[in-house]
Structure formats: structure tokens, C-alpha cells
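Colleague: Quick one, fold the following:
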Amino acid sequence: MPALLTLSLLGPLRIQDADGDELATLSLRGRALLAYLADQPGMRAERGLLADLLWSERAEEQARASLRQELALLRKALPDAVLMANRQSVWLDPTRIILKRSGSGEFLQGFDLPSEGFEDWLRRMRATERPAQPEGMPLPETARRHDRPVLAILPFDELGVPESDMFADGVVEEITNALSRVHEFHVIARQSAFALRDNALSVPDAATRLGADYIIEGSVRRAGDRVRISVQLVRGTDGHTLWSERFDDQLNDLFDLQDRIASQVAGQISPNLRAAEILRARTTPPADRSAYELLLSAMPHFWVHDPDENRAALALLDTALTRSPGYVPALAMKAWCHAHECCYHWSMTPEISRAAARAAFDAALPNAQSDPAALTALSAAAALALRDFKQAEDLAHRALALDPNNAWGWMRLGWTSTYLNQSDTAFECFDKAEALSPLDPFMFNINFGRASTLRTLRHFDDCIALIEKGLRAAPRAHWAYRMLFGTYWLNGEEDKAIEAGRKWIDSYPDLSTEVLLAGLPDWGHDPDYINLLARFKELLSNR
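Modeller: Got it, this is the predicted structure:
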């Protein structure tokens, strides 16, 4: 899909449309908001943070109201589907943005906004930003050396306790152990990172010494029975902070607290590091991308839940497998993509999509047993295309045994538990997924999963609210209108059901009842819903 917006951040800020014309009518704060989002992992930020960043001098409620107004103006000025928002977050679609960090001059040269929060961010960026490699030149060696990024966790500073206290070291050890379970990156051994404890090194120097692409650093502050732990994920090449979070907790059971903090940090590090790696991969020309970088490039297309984007993801995965035949992560993701073709009716020949999912599944499974991300993808394929819920459940459990902080693993186990009519387990899994990754790009699908579970319990109003929430976050997931159609009808709201049904069929004009039923997973847990979908042609034609 062609890019619709180009942002140049080094030198004077430039924001151009697809024709190269400058968008000169944007307000100062609108331009600041776009520049800030473009530099964030996944091009996404929380609404509260943006409100405080751009309107630091205003009260919280007033700042949030100003943000709503600014977003409305931006949506009118920008191409469709570039800028999106829900109640929690605001984000840009990375597949439609070209981000230029090459050029001369300082970061956002000459740009100024009278807001303390933005000024602080701009000051930090100008202090840490280094000139990027000219376009087309290879990345630094540390970013090229591995098939996956290397992460080091430095000793945390501990404030307010004697030097002999070991609580912070215990937190770091638990975080290191938790992150070591994640197959998507390599974690430097704890003893190597701790050897730098007494060396006053900058983050780039520490990263160079350790051979790390990314650094985690933090601090622990204790006061009475309260503890506050601050954690940052930092890019090793220049010390730029990619993600930061503060955790406040009760200091009752030390070991339990260390486990809780480690789980929360590990859960949120993974998607933020993935987002940083996706942006890094995009700086490499497509012809020069490794299989790993092509896998990363496929992900933003994959999670949009749109047929054209899914085909783009499959093309990138096929290229990755051409360059590295048998590459398990790409095979597993390919199985998941074909499963989406099948169950979301992006193909009118579901038997072909199911066979393609089976072929990729069978090729990946023997060598995926130690890879939690690949096992999660295979679990999805088993449920959505292979109609084997017990195998899907086994694969999800295997993935979570290897990495219990895998948000996507919990999401898939939640969906599979719904199919198996295990509602309590499903809700627990979806809650766990959200707690681990509250800003996950798949948050909309977590809400769709909750909605599907609620429908089996006949909580129709709550189900409808969650489907609509999911559609606001993923407006191109048109398949979800079938969920609205069926749920509204079961709730006795037939006019609204027909309206949703027509939106669904507008995106699937060739869909027949036979293709619908052939593509869906087995739906024995909710027979009223599937029987209703089987009558969709009849119900829509009678109105």
C-alpha cells in the first residue's frame, strides 16, 4: 500500500502528502503531535500523555478536551486512515508513513511549542539524536549482527535504602529471567551486565561493551511499605528512550512483588521492542532485508485485519522464506495469515486457504517447539483453519509454559477457551493479555474475543459494546460486522442487525452461505449464533 504521508524530522519539520506537497495548514500543536507520534514505538502514544505533553499548562480535563479538538482537526486535514484513536491511545498507521531521519540540522530544527512537557521532550531528543545513516547505507554492525536483537538489563539504582540491600538486584534478576524466556530477542547474561555496575558509562558505551542493541535501565525507590520501580527501554546506539513505565506497589511479600514486577516489565518490553525493531527494519531497503526483517515488515500488515494488507503480509513472508527456506517464525506466521483468509472470508475458496495453512503448519511444527511466538501463531492456525481446538489449546499452553508473559499467547488461549465453551478461563486469559500489553496492536481482537465469550453467556448488550469498541480501534476489520449482525438479532434489535449485516456484506459481495460455513471454525459452543449466520442471505433479502 503506498505511503500517504512523509515526515522529515532532522532539520526543519516537514510534513508532506503523497504528492510531495507540504501540509501547510496544520496547526503548531497538530504538527507537534504528528512529530511526537512518528518517533514513538509503533507510532502510538497514550491520550493522557499526549494531552500533558502538548498542553502542560492546562488542567487534565481541559487538556484532554483540547486534544479531542485537535484530533478532529487533524482528521479533516490528513488523508483517511493515517491518524487513528480510541479512548486509550492515538496512533499513526506505520504502513502509510515514510519517516525520514536523514539530512542535516538538529532534530526539529527551529521548532518551538510553549508547553513544558513538549519542551522537555524536544530538549532530550536534541541532546541524544545523532545524524542518521544516509538513506541506502547499511545499518551499524550491532543491528546487523543477529537474526534477533540483543537486550541487556543493567543494574537498577536503589534509592532510600542501605547499600547492602539486595532488593533491586533481585528485581533485575527476575526481569532478566522473565525476558530470557522470550525467543524474539537474545538477553545478555546477568553477570556480564552487572560487571559494568561500577563503570560510569553512557548507555551507548555500555551497549557497545556488551554488544547490545537495546538496554533496560531503571531505579527502585522505597518509602515505608511502598515501592516505586521506574523502568526504561533505551536504544543502544544513541541512548534514546523508546519506552518508560513506573510501577507502584505494596512492599509486603518481597518475592511475590519481584515476580509481579518482572511479569509486567517483560509483558510490556516485548511489544515495545518489537515496534522498535519494525521501525528499524523499515530503514533497510526492501531488497536488502533479511528474513527476520521481512518478518518484522509483515507484522503491521498482518494485524490490520484487512484482506489487501493480509496479502501484503503473505508476500513479505514468502520473500523471507525464499531467502531463508524453513525459517520457522515466517512459516508459523504464514499459517496464521492463511487461517485469517479462511475464517474471515478474504478468500472465496476457503478449502485452498485451509490447505495452505495446513502446509505451512506442518512445515513449521517440528522445529517450533522452543519458540513461544511461533507456537502462538500455530495455535491460531490450528483453531481458525484446522478446526482442531484441542491442538490449539495444547500449543497455546506450550507457548505460555515457555514464556508466561506472552500477551498474544494469552489472547489465543482466550479465543480457544471460548471455542471450547470455557468462559471463565477465556475471560481470565483476555484479562491477562491486556494486563501484560495494554497498548497492544491486537487489543481490538482481545475485545472481540471477550465479546464472543459474552455472547455465549447471552450478555448481548455488553457484547455489542465491546464489538463496537473493537471496530473503533480497527475500522478496517469489516468481518466483525458479522458479529454485530448476529448479536443484534439475538438481542431482538433486528433493524440494527440488518444495518450491520449490510455493512458486512458490502465488503463481501460474493459471499455465499456455503463459503461462509466452509470458512468458519467449528462453532459448536454457540449454535444459535451460527444458525443465524447460516440464514443471513434470507434475513437480509427480506428487508
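Colleague: mind listing the strands for the stretch 51-200 of the chain?
Modeller: Counting by DSSP state E, counting those that start in this stretch, residue ranges of the strands within the stretch 51-200 of the chain are 83-85, 89-92, 97-100, 150-153, 157-159, 186-187.
Colleague: Any idea how far the fourth one is from the middle of the chain?
Modeller: The chain centroid and the centroid of strand 150-153 are separated by 20 Å under Cα atoms, centre = their mean, to the nearest Å.
Colleague: Can I get it in PDB, CA atoms only?
Modeller: The C-alpha coordinates for strand 150-153 follow below in PDB (Å, rounded to 0.1, in the frame of the first residue of the first chain):
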ATOM      1  CA  VAL A 150      20.200  -8.300  21.700                       C
ATOM      2  CA  LEU A 151      19.000  -6.900  25.000                       C
ATOM      3  CA  ALA A 152      20.900  -6.100  28.200                       C
ATOM      4  CA  ILE A 153      19.400  -5.300  31.600                       C
END
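Colleague: List the neighbouring strands of that strand plus their orientation.
Modeller: strand 186-187 (parallel), strand 214-223 (parallel) (DSSP bridges).
Colleague: And stretch 355-373, how far out from the chain middle?
Modeller: Remark: stretch 355-373 is offset 22 Å from the chain centroid, using Cα atoms, centre = their mean.
Colleague: ugh, wrong one, stretch 166-173
Modeller: Distance, centroid of stretch 166-173 to centroid of chain: 28 Å (Cα atoms, centre = their mean).
Colleague: And for it, what's in contact with it?
Modeller: Stretch 166-173 is contacted by residues 153-158, 161, 190, 194, 218-220, 222, 227, 229, 254-255, 258, 261-262 when judged by Cβ atoms under 8 Å, 6 or more residues apart in numbering. Just so you know, the C-beta spots here come from the backbone N, C-alpha and C atoms, and that holds for glycine as well.
Colleague: which of the residues you listed count as buried?
Modeller: 153-156, 158, 190, 194, 218, 220, 222, 227, 229, 258, 261-262 (16 or more other Cβ atoms under 10 Å).
Colleague: Let me know the closest of those residues to L210.
Modeller: Set against L210, the nearest of those by Cβ to Cβ is L154 (8.8 Å).
Colleague: mind listing what the closest one touches?
Modeller: Listed by Cβ under 8 Å, 6+ apart, the contact partners of L154 are V172, A193, L196, A206, I215, I216, E217.
Colleague: pLDDT weak spots in the stretch 51-200 of the chain?
Modeller: Within the stretch 51-200 of the chain, the ranges that satisfy pLDDT under 70 run 101-104, 127-147, 160-165.
Colleague: Going along the chain, name the helices of it.
Modeller: 60-77, 116-128, 141-144, 167-180, 190-194 (DSSP state H, counting those that start in this stretch).
Colleague: still on that earlier bit, just flag the most distant two among the buried ones among the contacts of stretch 166-173.
Modeller: Farthest apart among the buried ones among the contacts of stretch 166-173 by Cβ to Cβ are R190 and R222. That separation is 21.8 Å.
Colleague: pLDDT below threshold where in the protein?
Modeller: Judged by pLDDT under 70, the stretches of the chain that qualify are 1-3, 101-104, 127-147, 160-165, 253-254.
Colleague: now the helices: where do they sit in the stretch 351-500 of the chain?
Modeller: Using DSSP H, counting those that start in this stretch, the helices of the stretch 351-500 of the chain run over 372-384, 389-402, 407-419, 423-436, 443-456, 460-473, 481-490, 494-506.
Colleague: where's R323 relative to L294, distance?
Modeller: Computed as Cβ to Cβ, to the nearest Å, the R323 to L294 distance reads 7 Å.
Colleague: next one: E22
Modeller: Distance from E22 to L294, by Cβ to Cβ: 33 Å.
Colleague: Of the two, which one has the most company?
Modeller: L294 (24 against 11; other Cβ atoms under 10 Å).
Colleague: by contact count, what packs against the helix or strand hosting the more buried one?
Modeller: Element membership for L294, per DSSP states H and E: helix 291-302. Judged by 3 or more Cβ pairs under 8 Å, 6 or more residues apart in numbering; DSSP states H and E, the packing partners of helix 291-302 are helix 254-281, helix 307-323, helix 328-343.
Colleague: mind saving the C-alpha coords of the shortest one as CSV?
Modeller: I take that to be helix 328-343. Extracted C-alpha coordinates of helix 328-343, given in CSV (Å, rounded to 0.1, in the frame of the first residue of the first chain):
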residue,chain,number,x,y,z
VAL,A,328,10.1,-21.3,11.4
PRO,A,329,8.8,-17.9,12.6
ALA,A,330,7.9,-17.0,9.0
LEU,A,331,6.3,-20.4,8.3
ALA,A,332,4.2,-20.1,11.5
MET,A,333,3.1,-16.6,10.7
LYS,A,334,2.2,-17.7,7.1
ALA,A,335,0.0,-20.4,8.6
TRP,A,336,-1.8,-17.8,10.7
CYS,A,337,-2.2,-15.4,7.7
HIS,A,338,-3.8,-18.2,5.6
ALA,A,339,-6.1,-19.1,8.6
HIS,A,340,-7.3,-15.4,8.6
GLU,A,341,-8.0,-15.8,4.8
CYS,A,342,-10.2,-18.7,5.7
CYS,A,343,-12.1,-17.7,8.8
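Colleague: next one: that helix to chain centre, how far?
Modeller: For helix 328-343, the distance to the chain centre is 17 Å (Cα atoms, centre = their mean).
Colleague: Would you mind listing the buried residues in that helix?
Modeller: 328-343.
Colleague: what are the phi and psi values for the most centrally placed residue in the chain?
Modeller: Centroid-nearest residue in the chain, with Cα atoms, centre = their mean: P441, separated by 3.3 Å. P441 has phi and psi values of phi -60, psi -20 when expressed as degrees, to the nearest 10.
Colleague: ok, so what distance separates W91 from L420?
Modeller: From W91 to L420 the distance is 33 Å (Cβ to Cβ).
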